[in-house]
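A.B. asks: Here is a sequence with its predicted model. Questions after.
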Amino acid sequence: MWFDTHAHLFLVWESGEDEPLRPEDIRSKLTPVLELAQKDGVEGIVCPGIDRRTSELAIAIAELFPGLVWAAVGIHPNSASQATTRDWEKICEWATHPAVVAIGETGLDWFRDYTPREAQITWFLRHLELSWQVGKAVIVHCRDAEEDMTLALREAKRSGDLVGVMHACAAPWKTVAQWLDLGMFVSFAGSVTYSNKKLQHIREAAQYVPLDRLLIETDSPFLVPEPLRGREKICFPSHVGLTGTFIAQIRGLSVAELAEATSQNANRIFRSVKS
Ligand SMILES: [Zn+2]
């Protein structure tokens with residue numbers, strides 16, 4: 001059985017448009033998507049919000065599909081410049097909701113400049129503090145910001161133990177090893193299956209992460225894994241097994257072993273980490 005630790009279900013529907021699902025459409029649009037995922041062996045999905053509106057949607061989705069979908073609430077670094085104090089108050093309020101298993105997604109994105117870097121760091125630390133307050137894991141996005149991410153995590157570690165996931169990991173092993181030392185779990189998405197030379201380091205890291213810290217995800221609707229990449233426009237949670245199977249192969253493990261280990265890790269970090 002697979003556990004997809006990162007799927008933006010509110011963006012996974014029909015044409016994969018940017019516009020999030022309307023609350024009244026959740027059941028009709030997502031029922032077939034989730035039925036297919038379960039048919040393909042998915043037993044759990046974490047759906048992280050990227051702003052106030054989608055965090056609320058993530059909770060609504062988790063409530064409609066209990067036992068299969070859990071939510072994470074947070075403000076993505078690329079949405080942070082738009083967020084208000086009121087938005088953050090709502091995130092803090094929802095953080096204690098029983099369907100919410102993590103805080104995020106948050107992090108640092110130096111690839112886009114939607115939010116000034118200083119502000120991204122402030123928002124990231126805010127999420128880390130909230131995760132400590134409620135005793136839940138944090139879901140971390142890091143794009144082209146590896147060094148500053150390591151510095152921020154190292155600094156935060158002085159205030160408390162880090163419990164969280166580096167999601168859709170694209171960093172070289174040298175950096176990933178530092179994140180592991182700081183206590184983080186590491187999750188790989190469909191990009192680990194891509195054969196581009198430039199992305200070779202992602203595979204390398206996926207081989208070395210200790211099995212008890214390894215997670216997998218789809219990052220739906222993005223990062224369609226091979227061999228569907230280029231043929232399908234939307235990545236669905238049902239595709240998580242393609243990424244899992246690929247990682248099993250490069251690590252010389254059976255698919256069952258990899259599925260079992262990564263699902264156990266997900267259960268540990270998301271459902272048992274309580275204050
Ligand atoms: Zn994401």
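C.D. replies: The structure has been received and is ready for your questions.
A.B. asks: This structure: helices as residue ranges?
C.D. replies: For the chain, the helices defined by DSSP state H cover 26-39, 52-64, 85-94, 117-134, 146-157, 173-181, 200-208, 240-251, 255-266.
A.B. asks: What are the contacting residues of the fourth one?
C.D. replies: In this case it means helix 117-134. Outside helix 117-134, the residues within contact range by C-beta atoms under 8 Å, 6 or more residues apart in numbering are 74-75, 77, 80-81, 83, 88, 91-92, 95-96, 102-104, 106-110, 115, 137-138, 140, 148, 152, 156, 159-160, 162-164, 275. No exception for glycine: its C-beta is placed from N, CA and C like everyone else's.
A.B. asks: let's go with 6 Å and repeat that
C.D. replies: 74, 77, 80, 95-96, 103, 106-108, 138, 156, 160 (C-beta atoms under 6 Å, 6 or more residues apart in numbering).
A.B. asks: Could you tell me which of these count as buried?
C.D. replies: Burial by neighbour count, 16 or more other C-beta atoms under 10 Å: within the contacts of helix 117-134 this picks out 74, 77, 80, 95, 103, 106-108, 138, 156.
A.B. asks: which of those residues sit farthest apart?
C.D. replies: A95 and L108 (20.5 Å; C-beta to C-beta).
A.B. asks: circling back: so which of the helices of the chain comes closest to T218?
C.D. replies: Evaluated with C-beta to C-beta, these place helix 240-251 nearest to T218, the distance being 5.0 Å.
A.B. asks: Give the buried residues for the closest one.
C.D. replies: Residues 240-248, 251 are the ones in helix 240-251 that count as buried (16+ other C-beta under 10 Å).
A.B. asks: Mind putting those residues into TSV with pLDDT and distance to V46?
C.D. replies: Supplementary listing: the buried residues of helix 240-251 in TSV, determined by pLDDT from 0 to 100; distance: C-beta to C-beta, whole Å:
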residue	pLDDT	distance to V46
V240	97	11
G241	97	16
L242	97	18
T243	97	15
G244	97	15
T245	97	20
F246	97	20
I247	98	18
A248	98	21
R251	97	23
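A.B. asks: Which single one of those is nearest to S195?
C.D. replies: Out of the buried residues of helix 240-251, the member with the shortest distance to S195 (by C-beta to C-beta) is F246, at 10.7 Å.
A.B. asks: Going by distance to S195, which of the buried ones among the contacts of helix 117-134 wins?
C.D. replies: Taking the buried ones among the contacts of helix 117-134 together and measuring to S195 by C-beta to C-beta, the closest member is G107, at 26.4 Å.
A.B. asks: Tell me what that closest one is bridged to.
C.D. replies: Beta-bridge partners for G107, by DSSP bridges, are H141.
A.B. asks: residues in contact with it?
C.D. replies: Contacts of G107 by C-beta under 6 Å, 6+ apart are 77, 124, 140-142.
A.B. asks: Next: A156.
C.D. replies: So A156 contacts L128 (C-beta under 6 Å, 6+ apart).
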